[in-house]
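Participant: Test case, fold it:
(chains A and B)
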Number of protein chains: 2
Amino acid sequence: MKKQIAIVGLGLIGGSLAMALRGFEDYEIVGVDRDGATLDFARAHAAADRVTEDAGAAIRTADVVVLCLHPRGIVDFLSAHRDHFKAGALVADVCGVKTAILEAAQVLPPEVDFIGCHPMAGKETSGIFHADPDLFRGAHFLLVPRPGNAPEHLELLGRIAAHIGCRDVVETTAERHDAIIAYTSQMMHVLAVAVCDDPDLFLCRGFEGGSFRDCTRVAALDVPLWTELFSMNAPALTRVIRTLEDNLRSYREVLEAGDPAALAQKLEHSAARKRRMNLE
Amino acid sequence: MKKQIAIVGLGLIGGSLAMALRGFEDYEIVGVDRDGATLDFARAHAAADRVTEDAGAAIRTADVVVLCLHPRGIVDFLSAHRDHFKAGALVADVCGVKTAILEAAQVLPPEVDFIGCHPMAGKETSGIFHADPDLFRGAHFLLVPRPGNAPEHLELLGRIAAHIGCRDVVETTAERHDAIIAYTSQMMHVLAVAVCDDPDLFLCRGFEGGSFRDCTRVAALDVPLWTELFSMNAPALTRVIRTLEDNLRSYREVLEAGDPAALAQKLEHSAARKRRMNLE
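Facilitator: Okay, the predicted model is just below:
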């Protein structure tokens, strides 16, 4: 009998992951969802080797379970199904906050091996209907191990990351993950929505270029998901927003001072940081 | 004898424009630059039908002159060469501010027809070495006519915009152009550099996703160019930065208040604006 990977939650990420995992070693990919339209779509598009709405049954036999639910859904699932995982199973999640998830994973019995994951990929759309097996191509696969994780499970996740096309695996701690993600991911989404709050938004049709399209791309976000992600990481997120407010104000003040030399010096400083970021 | 279009300034935009214009109707494309390496590159890559460093001679015989210099360079060129343009010539520019340029164009004699243009395309690199004949593909071509412009010249610019691959031609006034561009272009660049001023920038390597790459892409900007663009539109730019500071603070405050329902409502409002922007 083949080993099994159960993907719990076939949304954009779970659906894409199931598709990307097809053919991974000698594993059967089992897709789990409660939504009928999602299951129909998954079946019609062969998103997994097999799909089911019975999460309890699926995780009882799965060697690997990947939780692709919203953060609170993961917390609830771990609590509700703590005793249903197979002994020795690897359980992982893929959501964008890690401290709260690792805390929640403490409900699991010791014979279940939980590892936090976060493949840094996404789209401004939701649901399996937008899933894409190439979604993870070139993305960083962030890995948040716990003390006592089985080395073979960490290695397995590394092979999974490679199979789905991630560029590398970056190991970190939950605290560091959440602090940096507040800056590199969450703040970008706050920025995108804040830019769209400008009263002149609808006047600018026909006047947008690549930088505007890029910056606001993620603004049409999945509200329940991002409400949870932001709320569960609010202290780190508010800190980086405050820093950005300061840095924007600083640019505004040098513009208001009408001193092109000072503006050029400031721009040179920032642009050099960006170039250094790219080069190192 | 073929009609002539002189492209003055073979940087990223001028070089790309010259390449994109090759084969346009029955026009000879003449590239003009003072930099030896730029001229060598333009010759080696056949960026234009002919290149020269003699701007005065080129514009004396050109039916169309497109000024692809930095904004202050355009102002200076118009002043220095006001009497060297061919009678009846169309003179256009392609820079990202329009009020100051149209004011500067008032030095021209009445038999020279000046029209402000701004094809909304660019890259985070400079110089003909990064030029790309497809740079304008899908971009809006903003057109700022003046009273008394020859209708055949406006039509000619429309055909030029189509030939280089622009998606449409958007007519506007200089004041409206500068007010909206402050938001859709200049502020995106201020944002990108301000994000890179975060002290944690270099800690975030390995943790960046698409939204971070997109938002900061333009931060490695051409400092002298953007110093001029920002300075020549400072009142409008400081106004939109202030609005963004307010909108960011508003998000920060709802996060600090720890009220997920209020956060969700706010995100729904912004995301709906973005979706409406896309759909209409």
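
Participant: show me where pLDDT drops low in chain A?
Facilitator: Counting by pLDDT under 70, the ranges of chain A that qualify are A:279-280.

Participant: Not counting its neighbours along the chain, what's nearest the residue most central in space within it?
Facilitator: Centroid-nearest residue in chain A: A:G96, 4.2 Å away (criterion: Cα atoms, centre = their mean). Excluding the flanking residues, the one nearest A:G96 by Cβ to Cβ, 6 or more residues apart in numbering or on different chains is A:L229, at 5.0 Å. In short, each C-beta sits where N, CA and C put it, glycine included.

Participant: Using the three-state scheme, assign that neighbour.
Facilitator: helix (DSSP: H, G, I helix; E, B strand; the rest coil).

Participant: Identify the residues contacting the helix or strand A:V169 falls within?
Facilitator: Assigned by DSSP states H and E, A:V169 belongs to strand A:168-171. Under the contact criterion Cβ atoms under 8 Å, 6 or more residues apart in numbering or on different chains, strand A:168-171 has outside partners A:H140, A:F141, A:L142, A:L143, A:V144, A:P145, A:L157, A:G158, A:A161, B:G206, B:F207.

Participant: what comes up buried for that strand?
Facilitator: Of the residues in strand A:168-171, A:V169, A:V170 count as buried by neighbour count, 16 or more other Cβ atoms under 10 Å in any protein chain shown.

Participant: which element follows that strand toward the C-terminus?
Facilitator: Taking DSSP H and E, what comes next after strand A:168-171 is helix A:174-181.

Participant: what does that next one contact?
Facilitator: Against helix A:174-181 from outside (Cβ under 8 Å, 6+ apart): A:96-99, A:101-102, A:116, A:118, A:142, A:144, A:172, A:233, A:236, B:200, B:203-204, B:207.

Participant: Report the buried residues of it.
Facilitator: So, applying 16+ other Cβ under 10 Å, buried residues of helix A:174-181: A:A174, A:R176, A:H177, A:D178, A:A179, A:I180, A:I181.

Participant: cool, and stretch A:52-61?
Facilitator: Those buried within stretch A:52-61 under the rule 16+ other Cβ under 10 Å are A:T52, A:A55, A:A58, A:I59.

Participant: the helices in the stretch 51-200 of chain A, which residues?
Facilitator: For the stretch 51-200 of chain A, applying DSSP state H, counting those that start in this stretch gives helices covering A:55-61, A:71-80, A:99-104, A:151-163, A:174-181, A:187-196.

Participant: Dump the ones you listed into JSON lines; add distance to B:G127 as well.
Facilitator: As requested, the helices of the stretch 51-200 of chain A are exported to JSON lines (distance: least, Cβ to Cβ, whole Å):
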{"stretch": "helix A:55-61", "distance to B:G127": "57"}
{"stretch": "helix A:71-80", "distance to B:G127": "46"}
{"stretch": "helix A:99-104", "distance to B:G127": "46"}
{"stretch": "helix A:151-163", "distance to B:G127": "38"}
{"stretch": "helix A:174-181", "distance to B:G127": "34"}
{"stretch": "helix A:187-196", "distance to B:G127": "29"}
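
Participant: Just say which of these is most tucked in.
Facilitator: Highest mean neighbour count among the helices of the stretch 51-200 of chain A (mean count of other Cβ atoms under 10 Å in any protein chain shown): helix A:187-196, with a mean of 25.

Participant: Against which helices or strands is that one packed?
Facilitator: helix A:210-216, helix A:223-231, helix A:234-256, helix B:187-196, helix B:210-216, helix B:234-256, helix B:260-279 (3 or more Cβ pairs under 8 Å, 6 or more residues apart in numbering or on different chains; DSSP states H and E).

Participant: any idea of the angle it forms with helix B:234-256?
Facilitator: Going by axes from the mean of the first three to the mean of the last three Cα atoms, to 10 degrees, helix A:187-196 is angled at 120 degrees with respect to helix B:234-256.

Participant: export helix A:187-196 as PDB, just CAs?
Facilitator: Extracted C-alpha coordinates of helix A:187-196, given in PDB (Å, rounded to 0.1, in the frame of the first residue of the first chain):
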ATOM      1  CA  MET A 187       2.800  45.200   5.500                       C
ATOM      2  CA  MET A 188       2.800  44.900   1.700                       C
ATOM      3  CA  HIS A 189      -0.900  43.900   1.900                       C
ATOM      4  CA  VAL A 190      -1.700  46.800   4.300                       C
ATOM      5  CA  LEU A 191       0.100  49.200   1.900                       C
ATOM      6  CA  ALA A 192      -1.900  47.900  -1.100                       C
ATOM      7  CA  VAL A 193      -5.200  48.400   0.600                       C
ATOM      8  CA  ALA A 194      -4.200  51.800   2.100                       C
ATOM      9  CA  VAL A 195      -3.100  53.000  -1.400                       C
ATOM     10  CA  CYS A 196      -6.600  52.000  -2.600                       C
END
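
Participant: How far does it sit from its chain's centre?
Facilitator: 17 Å (Cα atoms, centre = their mean, to the nearest Å).

Participant: So what touches it?
Facilitator: Here helix A:187-196 has contacts from A:215-219, A:221, A:226, A:230, A:237, A:240-241, A:244, B:187, B:191, B:195, B:211-212, B:214-215, B:244, B:247-248, B:250-251, B:267, B:270-271, B:273-274, B:277, using Cβ under 8 Å, 6+ apart.

Participant: same thing but 7 Å
Facilitator: A:215-219, A:221, A:226, A:237, A:240-241, A:244, B:191, B:211-212, B:215, B:244, B:247-248, B:251, B:267, B:270-271, B:273-274, B:277 (Cβ atoms under 7 Å, 6 or more residues apart in numbering or on different chains).
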